[in-house]
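Asker: I'll drop the sequence and a predicted model, then ask my questions.
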Amino acid sequence: MKVKVFSSVLFISLLLSSVSIGQVLVGNYYVDSNTPGYTLHQGDGDRIFDYEVVFDKPFDEAPTVYVTVMLIDELDNSKMRYQVVPKSITRDGFIVEVKVWADTRINAFGGQWVASLYEEKAPPPPPTTTLTFNNIYFDYNKCVLKPDAKAELDKIADQLVKNPGVKIMLSGHTCDRGTDAYNKKLGEKRANAAKEYLVQKGIDATRLLTKSEGETLPAIANTTEESRQKNRRVEFNEIK
């Protein structure tokens, strides 16, 4: 007789390295002429022997099974005609089917099996960036951008350049001095002044929507000159 040993360590290592998530079980099988029902060492023609593998722990569903041959003990002058495949795979186990044909006579088969069940997981969402927009403020009855407002708009423009998919709403506000109609128009002018500045900084105008709230949405009550100053503003909000 001749014993042939095949190395399947590389195959098993590559297979296991590919299973990053899910359930995996690995085991060995070995059958020989002393195993009840074994007939692969005698006779001619097609002969089949089934070896049952029972998992230590059931899978959630029927896994994928791979079987390798690591050892064959063949009779002298026997031609190597054989096949080893897994079949009847369930959550609880499977059958290693060893088949030989013609005048092939083999005293023993051995090898390894790997059962794996992959878990499909959705890819993680792309990282999100939190954009921070601060208000800009205007002098009484004015829509001219002050130096500190331009500095703030420069920061907003930089954020928009880094996040090209973002659109924002520019809302113009006023204090309570003046008529409703006048303040509505003034709020519009303030929003447009901020928009025009951002466009000059290279931001596509289609990403900048404007509206005027006039005096209808004060940040704080218009009770003092200081509070009125905080209401003369443009607010920026990301459009979801």
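Answerer: Nice, thanks for sending it over. Note that the structure is a prediction, hence the values are computed from the model and not measured. Numbers count the residues shown, from 1 in each chain.
Asker: Which residue ranges make up the domains of this structure?
Answerer: Using automatic domain parsing, the domain ranges for the chain come out as 2-117, 136-239.
Asker: ranking those domains by mean pLDDT, which is last?
Answerer: Note on the domains of the chain: lowest mean pLDDT is at domain 2-117, with a mean of 82.
Asker: Name the residues that touch stretch 115-123?
Answerer: With contact meaning C-beta atoms under 8 Å, 6 or more residues apart in numbering, stretch 115-123 is reached by 15, 19, 21-26, 55, 59-61, 63-66, 89, 94. No exception for glycine: its C-beta is placed from N, CA and C like everyone else's.
Asker: one more time with 6 Å
Answerer: Stretch 115-123 is contacted from outside by 19, 21-25, 59, 63-65, using C-beta atoms under 6 Å, 6 or more residues apart in numbering.
Asker: Just the endpoints, please. Distance across that stretch?
Answerer: One end of stretch 115-123 to the other measures 24 Å (C-alpha to C-alpha, to the nearest Å).
Asker: Let the chain start at 54 from now.
Answerer: Sure thing, new numbering starts at 54, so read that last one as stretch 168-176.
Asker: buried stuff in that stretch?
Answerer: Neighbour counts over stretch 168-176 (16 or more other C-beta atoms under 10 Å) mark 168-170 as buried.
Asker: so how far is it off the chain centroid?
Answerer: 12 Å (C-alpha atoms, centre = their mean, to the nearest Å).
Asker: ok, now stretch 139-148?
Answerer: Worked out by C-alpha atoms, centre = their mean, stretch 139-148 lies 31 Å from the chain centre.
Asker: Setting aside sequence neighbours, what's the nearest residue to Lys264?
Answerer: Ser224 (5.5 Å; C-beta to C-beta, 6 or more residues apart in numbering).
Asker: quick revisit: kindly present the buried residues of stretch 168-176 as a markdown table, with separate columns for secondary structure and distance to Met123.
Answerer: Output for the buried residues of stretch 168-176, formatted as a markdown table (DSSP: H, G, I helix; E, B strand; the rest coil; distance: C-beta to C-beta, whole Å):
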| residue | secondary structure | distance to Met123 |
| --- | --- | --- |
| Ala168 | strand | 17 |
| Ser169 | strand | 19 |
| Leu170 | strand | 24 |
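Asker: and the residue most central in space within the chain, how far is that from Asp113?
Answerer: Nearest to the geometric centre of the chain sits Pro176, at 1.2 Å (C-alpha atoms, centre = their mean). Distance, Pro176 to Asp113, by C-beta to C-beta, to the nearest Å: 22 Å.
Asker: returning to what we had before: need phi/psi at the residue nearest to the centre of the chain.
Answerer: phi -60, psi 150 (degrees, to the nearest 10).
Asker: again with Glu205
Answerer: Torsion angles, degrees, to the nearest 10, at Glu205: phi -70, psi -40.
Asker: one step back: for the residue nearest to Lys264, grab the count of nearby residues.
Answerer: Counted with other C-beta atoms under 10 Å, residues neighbouring Ser224 total 21.
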